[in-house]
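Colleague: Build me a model from this:
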Amino acid sequence: MPAMRVHDHRSRSGQASAMTVPRLGDVIEVGEQDYMYGTGQLTLRITCTGDRVRVGDDEWLHLEGLTLRADGTQLGQSPRPALVRMRAVRIASPSRSS
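Modeller: Predicted structure coming up:
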């Protein structure tokens, strides 16, 4: 996988543009139909945000993060890539630096 560039798609006022963009350290939850590729709900602690891409009528975002179990414990040591549908991202726990 090519290296991901870190972007902050927030305006100068600090507000996210159009849709909420996860920040480094946020924990997000995404349903199976709203990310590529995997099965079941995906829960990630974000380690890297990448580019937005348009697929059909939806905007998607390249992310990397540490996979978390349902109880919040980390599953594995390596971040995994995911392409997530922006409108379906739910921030379960904001980063502590927010």
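Colleague: There's contact between residue 28 and residue 84 in this structure, I believe.
Modeller: Yes: in terms of Cβ atoms under 8 Å, residue 28 counts as a neighbour of residue 84; the distance is 7.5 Å. (Each C-beta comes from the backbone N, C-alpha and C, glycine too.)
Colleague: and those two? which has more neighbours close in?
Modeller: Neighbour count, other Cβ atoms under 10 Å: between residue 28 and residue 84, residue 28 has more, with 24 against 21.
Colleague: and the closest residue to residue 34 other than its chain neighbours, backbone torsions?
Modeller: When the adjacent residues along the chain are set aside, residue 34 lies closest to residue 88, with 3.6 Å between them (Cβ to Cβ, 6 or more residues apart in numbering). Reported as degrees, to the nearest 10, the phi and psi values for residue 88 are phi -100, psi -10.
Colleague: quick revisit: any common contacting residues for residue 28 and residue 84?
Modeller: Common neighbours of residue 28 and residue 84 (criterion: Cβ atoms under 8 Å, 6 or more residues apart in numbering): residue 63.
Colleague: what about the residue nearest to residue 35 when sequence neighbours are not counted, distance to residue 40?
Modeller: Using Cβ to Cβ, 6+ apart and skipping the chain neighbours, the partner closest in space to residue 35 is residue 84 (4.6 Å). Separation of residue 84 from residue 40 (Cβ to Cβ, to the nearest Å) stands at 14 Å.
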